[in-house]
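Participant: Have a look at this prediction, sequence included:
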Amino acid sequence: MAASVVKAPKCPRKGSAKDLAKTPAKSAPSSANEANWNWWLLLATVFLITFATRFYKVTEPDHICWDETHFGKMGSWYINRTFFFDVHPPLGKMLIALSGYLTGYDGTFPFEKPGDKYNETRYQGMRYFCTTLGALIMPMGFDTVYDLTRSHEAAVLSAAYLIFDVGLLTLNQYILLDPILLFFMMASVWGMVKISKSTAAGESYSLRWWTWLFFTGTMLSCTISVKFVGLFVVLLVGLHTATELWLILGDLGQPIWETVKQVACRAITLILWPVLLYTFFFYIHLSVLNRSGNGDGFYSSAFQSRLIGNSLYNASMPRDVAFGSVVTIKNHKTGGGYLHSHAHLYPKGMGARQQQITTYTHKDENNKFVLKPHNKQRVPKDKIQLLRHGDLVRLEHLMTKRNLHSHTEQAPMTKKHLQVTGYGENGIGDANDVWRVMIVGGKINQTVHTVTSRLKFIHMLQNCALTSSGKQLPKWGFEQQEVSCNPNIRDRNAQWNVEDNEHKLRECVVRLFVKFFKSLVTFLVPSVSFSIYAPGFFARFLESHAVMLQGNAGLKPKEGEITSRPWQWPINFRGQFFSGSHYRIYLLGNPVIWWSNLVFLALFVAVFLCNAILQRRRDGLAEAQALALSEAEADVLEQRQSPCPAQSEDSEPSTTDICSCCPCPKESTSEELPVIPEAVPSQSKRSLQAAAWLFVGWVLHYLPFWAMGRVLYFHHYFPALIFNSLLTGIMFDYIMRSLPKWIRHVVLGLVLSVVVYSFAIFSPLAYGMSGPLANEPNSTMHKLKWLPTWEF
């Protein structure tokens, strides 16, 4: 790949011009034409088989399968322009929505749960779109391997490994982000190889070269705009580009200005252009989703003020917070929820059995609290008392009439914190209900403002800060977030702001005596329009990323949910149900392909290390030969500078003492340096370098998952699987290259036959199974359950 960028200097041939003229060259054009025709024929075959296998039964089953319930629903929200929260960037979901809209889907189907029938819903267009992108991976993989190796055999086997993997087939046929992600990832690698090929052919700065640069930059931007794991292919292309530029810098036949131009062109097309595109995709996302939805609560109050239908949109409410106000209190951290309570108690063993206090990321009537003075049950009806920095308050839950309370019991999840509960009856509790309101950076008598004031609630007796730990409660807490009281009052998660602010006494009448007559003056609680807090695009752009990254890192498995670990993926340890009804779909890799992939992966590592050792030995030999040559030249120079030995008149001159200008013949030595053959021929070396880059791609798309703390699933391995399958085709060709052509074709035919047969017997996993499960002897799939962990 990158090693082919710098052209090798042409070596002069030995012989006269007449001898060169006699060399036959007529067969070159015909062989090139034949190879070209073979390439087109094979590519057409790959297209035909790929689309035939992918579009067969693409609309079956006609019910929601697995994550279609999420991404189909998000497509509906885009069509309806309803705002929502998701941990992934928006491009994949926008494309799903666009494909549905263009094919007649109206965005009204609820996508509630897997197994729900589509009935008359026009879902087919979204499946066709995702399947088409998934099907284009195979032709791109074929051409990529061919450009890397110039071998039809390697390209065909790599494409076959992608086509006949039932796992990749299953992942491509549904309304998911995965086929979109894999398409853009493969297109990025394809463009990377095309850039290297064009540069090596001396086509730099041509229209073709620029086209491939912008194409690759676009694909990189699209990949990371579908899922953040697209960053891995960005790293791969970045490493490859840096290696390519390093080789260009080392080409002494080119001026240094050439390297500067190459760096500038690639910075524009592979860095600046993708960043602009990525930002543009988010601009479309935030412009389209302009209506309030169930994802509002994940974002700040200012962010929500831009959403039509949100309680803060074009809202006017009291700027100052007063005692007696009904408020919602939102945690100020990124993605923080609303202070919330409901009529359920903490279970036994989780502290005091009092009412639960949580944070909840959706707007709800249970988010409302009443601000009361710490020493009065009721607020005077004819007077407004503003809430100020340092005031003592009680927070009474509006729906259940219980006060926000803390005591010395441990919090249910964070044991170093104290438990926070709802306590009392009809707003009457005890001294543990009293909290001091502190404005972050505030001063004495400073008024608390709606939205803009960042607050801390410090418990008066326990001296701890009300905080949201971010830990998810189990099912008894409805999987909401834990609220606790942290003895470390500097906790950054202990900052809150008042969002909704309602006061019954918006207008009070006070009689004042001015000079000598009585005048009626009306005092209003000052109000403010939330439009002044509405953030601009870049502020929302940055907040969206902070919320997404936090949400992604915080993804945890739900109770009873089947997850997997990275060590299970390459060995095809356990699959994943896509449809569990009478029409079963099971995501599982073709074991023949997956396990042989591991064999060729290990084989590559062994061959690469062996060749690295041989290369190092050859380098050592070259250094030894250069040292011996320099020593011999020094001896010759010394002998030339020394005078001829004295001779008597009668003596005959020695054959070695003729004159000082004639070098003395070198004495033969019995010790000769060993001859180490070249590690690999040039064509094989090219294949090995290509396999090395694909191995780097596999490593970048697999090993990072070992360090991730979030929940992981089997489908996360499929980007790495593509690199492994491409590498298998190259390594097979590398091993078979030394054999006669007819033997290579026979072996390739046998391998393809085994792969096709394994696809045929395992294809019901993708196309649908019915009847008994495989663990029952009368099941048609009983003999195919090769591992006890396979659940189909």
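Facilitator: Nice, thanks for sending it over.
Participant: how deep is residue 750 tucked in, by neighbour count?
Facilitator: If you count neighbours by other Cβ atoms under 10 Å, residue 750 ends up with 10. Just so you know, the C-beta spots here come from the backbone N, C-alpha and C atoms, and that holds for glycine as well.
Participant: how near is residue 358 to residue 366?
Facilitator: Applying Cβ to Cβ, to the nearest Å, the value for residue 358 to residue 366 is 9 Å.
Participant: pLDDT score for residue 680?
Facilitator: On the pLDDT scale, residue 680 is placed at 49.
Participant: What of residue 469?
Facilitator: On pLDDT, residue 469 comes in at 85.
Participant: Quick check: neighbours shared by residue 358 and residue 366?
Facilitator: Common neighbours of residue 358 and residue 366, counting by Cβ atoms under 8 Å, 6 or more residues apart in numbering, are 340-342.
Participant: picking that back up, looking at residue 358 and residue 366, which is more packed in?
Facilitator: Higher neighbour count among residue 358 and residue 366: residue 358, with 23 against 18, using other Cβ under 10 Å.
Participant: Tell me which helix or strand comes right after the helix or strand where the more buried one lies.
Facilitator: Using DSSP states H and E, residue 358 sits within strand 355-360. Note on strand 355-360: by DSSP H and E, the next helix or strand toward the C-terminus is strand 368-373.
Participant: doesn't residue 352 make contact with residue 407?
Facilitator: Yes: when contacts are counted by Cβ atoms under 8 Å, residue 407 is listed as touching residue 352 (6.7 Å).
Participant: ok, those two, which is more surrounded?
Facilitator: Set residue 407 next to residue 352 and count neighbours by other Cβ under 10 Å: residue 407 wins out with 18 against 15.
Participant: Skipping adjacent residues, who's closest to that one in space?
Facilitator: Spatial nearest neighbour of residue 407, chain neighbours left out: residue 432 (5.2 Å); criterion: Cβ to Cβ, 6 or more residues apart in numbering.
Participant: Which stretches in the stretch 251-400 of the chain count as helices?
Facilitator: With DSSP state H, counting those that start in this stretch as the criterion, the stretch 251-400 of the chain has helices at 256-267, 273-288, 301-304.
Participant: so can I have JSON lines of those showing mean pLDDT, mean neighbour count and distance to residue 778?
Facilitator: Output for these, formatted as JSON lines (pLDDT from 0 to 100; neighbours: other Cβ atoms under 10 Å; distance: least, Cβ to Cβ, whole Å):
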{"stretch": "helix 256-267", "mean pLDDT": "94", "mean neighbour count": "14", "distance to residue 778": "61"}
{"stretch": "helix 273-288", "mean pLDDT": "96", "mean neighbour count": "16", "distance to residue 778": "51"}
{"stretch": "helix 301-304", "mean pLDDT": "85", "mean neighbour count": "23", "distance to residue 778": "57"}
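Participant: Would you mind telling me which of these is nearest residue 57?
Facilitator: helix 273-288 (32.5 Å; Cβ to Cβ).
Participant: Quick one: residues in contact with the closest one.
Facilitator: So helix 273-288 is contacted by 78, 81, 89-91, 94, 214, 217-218, 220-222, 224-225, 234, 537, 540-541, 544 (Cβ under 8 Å, 6+ apart).
Participant: Filter those residues down to the buried ones.
Facilitator: Of the members of the contacts of helix 273-288, the ones counted as buried by neighbours, 16 or more other Cβ atoms under 10 Å, are 78, 89-91, 94, 214, 217-218, 220-222, 224-225, 234, 540-541, 544.
Participant: returning to that earlier point: can you put the shared contacts of residue 358 and residue 366 in TSV and add neighbour count?
Facilitator: Compiled in TSV, these are given as follows (neighbours: other Cβ atoms under 10 Å):
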residue	neighbour count
340	25
341	25
342	18
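Participant: Quick check: strands, which of the residues you listed are part of them?
Facilitator: In this view, the shared contacts of residue 358 and residue 366 that belong to strands under DSSP state E are 340-342.
Participant: Point to the residue nearest the middle of this structure.
Facilitator: Centre of the chain computed as the mean C-alpha position; nearest residue by Cα atoms, centre = their mean is residue 229, 1.3 Å away.
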